[in-house]
Structure formats: C-alpha cells, structure tokens
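# With the sequence up front, the predicted model follows.
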Amino acid sequence: MRRVAWRILRAILMMLGTVALLAIVILLGANLWMLGQTGERIEHNLSQCRVERVGIVFGTSHWTRSGHRNPYFEARMSASARLLRLGRVDHLLLSGDNRTLSYNEPITMWRDLLGREVPEAAMTLDYAGFSTFDTLARARDVFDVERALLITQAWHLPRALFIAESLGIEAQGCAVVEHKAGGQWRLAGREWLARLATLGDLYLWGRKPHFLGPREPLDIRSREELDAEQPGWSAHTSLDQER
C-alpha cells in the first residue's frame, strides 16, 4: 500500500513540476518576445524623444501606501512638463483611474502640471483610463489619436508600446527618470505577469475597454497659441530639469 501511495505521490509531483516548468517557460518567452518587439522604440533621453503632437501620460497614484509622495507619479509629471517645454509634444492626454469620488488620477495630474506652469489648453483629461489597455483603446477610439509619444517608466513602456501597436497606434516610448522606491522586486514581478496577461487580452479573449463613450477629438493648440494664452510658460524650467 505504501509503495502504491508513493508512486501516486511521485506522479503527482512530477506532473506539478512539469506544469510549473511549462508556466515559467511561457512567462519568460512572453516577456522576452515583448521586450524584443518594443526595445528599439524606447528612448531614455528626454531631449531626444521623437517629436509627436500628442503625449499620452499614464496615471498612477499620487501617494504611496506609506503616505509618501509617489516617485513614479513625480517622474511622469516632471517628464511630461519638460517634454512640452522642449517641444517634443504639443498636447498631453492625461489618462487615469477615476472609479470613485475620492480617487481621481487625471485631476491630480492636471493640478500638478498646472503647478508646473503647463498651460491648461495643452492638456486633455481622460477619466476612464482604468488600465494601460483602456487608456490606449480610448486614445484611439475616443480621442482620435493615431500617433503618440508614450510617457511612463521604462519598465512599463514595453507593455504599453505592444498594446498600442496591436491597436493600430503608431507609438514611441519616452522613458522618464527612474526614481528608486521600495517594492522594486514586487513591481517587477507584477509587470512580468501583466505582460503575459496582455497577450491573453489581445489574442485569446478579445478584451474590450470598460467604457468608451462619444468621440472627443483633441483640441491641439499650436505653440504660438499657447504662448498667447499664457506668455512665458515655456521659460519655467526650474521645476523640471532635463536629465
């Protein structure tokens, strides 16, 4: 009886080991493929990021769980303001989560950028950017964005660029300054899993955005129009130093 039980246990362990190994191979393969497909479209120097009319800024929480200002949020806002002043983008689409009355990423980004002297007319808020996929799907279907510069951290850009390409958006990535923060390993692990899940979203179960709504093409002002509305805004560089 013991011998039979041991054989059954060994077979179960071997099967579980095979499944685990297969899962690891799939995870590694999916990530390496996505990184390989997008690596050449990521620029790490703000002043050399490709010039585009629209820069898409992905939302994140203003604060960390420990109550400190989120360094990832700070980096995205600083880079967005700097890119606008450098003339790398003409307009910022601020897309984030606004699921509850007490949590509003687009408004928080908008207020922060106003504090950096970014003209109000140079920003559009997307309140239904509940995820990277939703942000990009809505950029295409609601705001008529066909080309864009994606503004976020380097670890987020491969997934964002891959989704954008799959949705037919011609996009380049501009990696913002990496600020050291706690939980780096947890964040990296979550992103690796998110990349794998993205392949399922795009190729298996046909994910759709949570909400689309009517078309709202972006009102993109020229630099001259922005200067006329808010003279001297581009001269405020003290808050957003170039890398």
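Here it is on my side, so go on. Residues are numbered from 1 along each chain as shown.
# Could you find the closest non-adjacent residue to residue 86?
Taking Cβ to Cβ, 6 or more residues apart in numbering, and ignoring the residues beside it in sequence, residue 86 has residue 47 as its nearest neighbour in space, at 5.9 Å. (Glycine included, C-beta is placed from N, CA and C.)
# May I have the residues that are in contact with the spatially most central residue of the chain?
Centroid-nearest residue in the chain, with Cα atoms, centre = their mean: residue 58, separated by 4.4 Å. For residue 58, the contact set (Cβ atoms under 8 Å, 6 or more residues apart in numbering) comprises 76, 95, 96, 129, 132, 135, 150, 151, 152, 156, 160.
# circling back: quick check: the residue nearest to residue 86 vs residue 82, distance?
Noted for residue 47: a distance of 9 Å to residue 82, by Cβ to Cβ, to the nearest Å.
# Could you do residue 212 as well?
In this structure, residue 212 and residue 82 are separated by 31 Å, where distance is defined by Cβ to Cβ.
# what about the two, which has more around it?
Under the criterion of other Cβ atoms under 10 Å, the comparison of residue 212 against residue 82 puts residue 82 first, with 24 against 13.
# which stretch of helix or strand covers the more buried one?
In this structure, residue 82 sits in helix 71-86 according to DSSP states H and E.
# where exactly do the strands run in the chain?
When assigned using DSSP state E, the strands of the chain occupy the ranges 42-43, 52-58, 89-95, 123-126, 147-152, 170-175.
# Need these in CSV (columns: mean pLDDT).
Compiled in CSV, those are given as follows (pLDDT from 0 to 100):
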stretch, mean pLDDT
strand 42-43, 96
strand 52-58, 97
strand 89-95, 97
strand 123-126, 98
strand 147-152, 98
strand 170-175, 97
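# Much appreciated, bye for now.
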